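A.B. asks: I need the structure of the sequence given here:
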Amino acid sequence: MVVALLSIELHLPGSRSLKDKRMVLRGIKDRLRKFNIAVAEVEHHDLWQRAGLGVVTISTANAHADRELAAVVAEIERLEPGAITRTEVEYLA
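C.D. replies: Prediction:
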């Protein structure tokens, strides 16, 4: 069993308030429901234009977890082009 954690940092220049930021993040999280993952906002709760998301998936192989997390990154990039500033993947085996 492999547990993969994807940390994503986002810059949301269109957000003018925490309410705007929450609307954008809610839309992203709703669209990610089709994947076999769990997602939560884990950093930068008080900043309007910055967000940190944690995405976790469980799989039997690293390759499958990589594909799943790459699809998540691609979906976020499709929804909010240019918003991703940093990604990092960790494996817990």
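A.B. asks: Looks like V39 contacts K29 (just checking).
C.D. replies: Yes. The pair V39 / K29 is scored as a contact, 5.4 Å apart, by CB atoms under 8 Å. Every C-beta, even on glycine, is put in place using the N, C-alpha and C of the backbone.
A.B. asks: Give me the more crowded residue out of these two.
C.D. replies: V39 (20 against 14; other CB atoms under 10 Å).
A.B. asks: Report the beta-bridge partners for the more buried one.
C.D. replies: Assessed by DSSP bridges, V39 has beta-bridge partners V55.
A.B. asks: Which pLDDT value goes with it?
C.D. replies: Listed pLDDT for V39 reads 96.
A.B. asks: so who does it touch?
C.D. replies: K29, L32, L53, G54, V55, V56, V72 (CB atoms under 8 Å, 6 or more residues apart in numbering).
A.B. asks: how many neighbours does the fifth one have?
C.D. replies: What it means is V55. A count of neighbours around V55, defined by other CB under 10 Å, yields 24.
A.B. asks: let's number from 259 now, not from 1
C.D. replies: OK, 259 is where the count begins now, so the last one is V313.
A.B. asks: Let me see the contact set for it.
C.D. replies: Shown in contact with V313 (CB under 8 Å, 6+ apart): L263, L264, S265, I266, L290, I295, A296, V297, L327, V330.
A.B. asks: how would you label the fifth one: helix, strand or coil?
C.D. replies: Looking back up the chat, that one is L290. helix (DSSP: H, G, I helix; E, B strand; the rest coil).
A.B. asks: Could you measure from R308 over to E301?
C.D. replies: 8 Å (CB to CB, to the nearest Å).
A.B. asks: Now for these two: what residues contact both?
C.D. replies: What both R308 and E301 touch, as defined by CB under 8 Å, 6+ apart, is the set E267.
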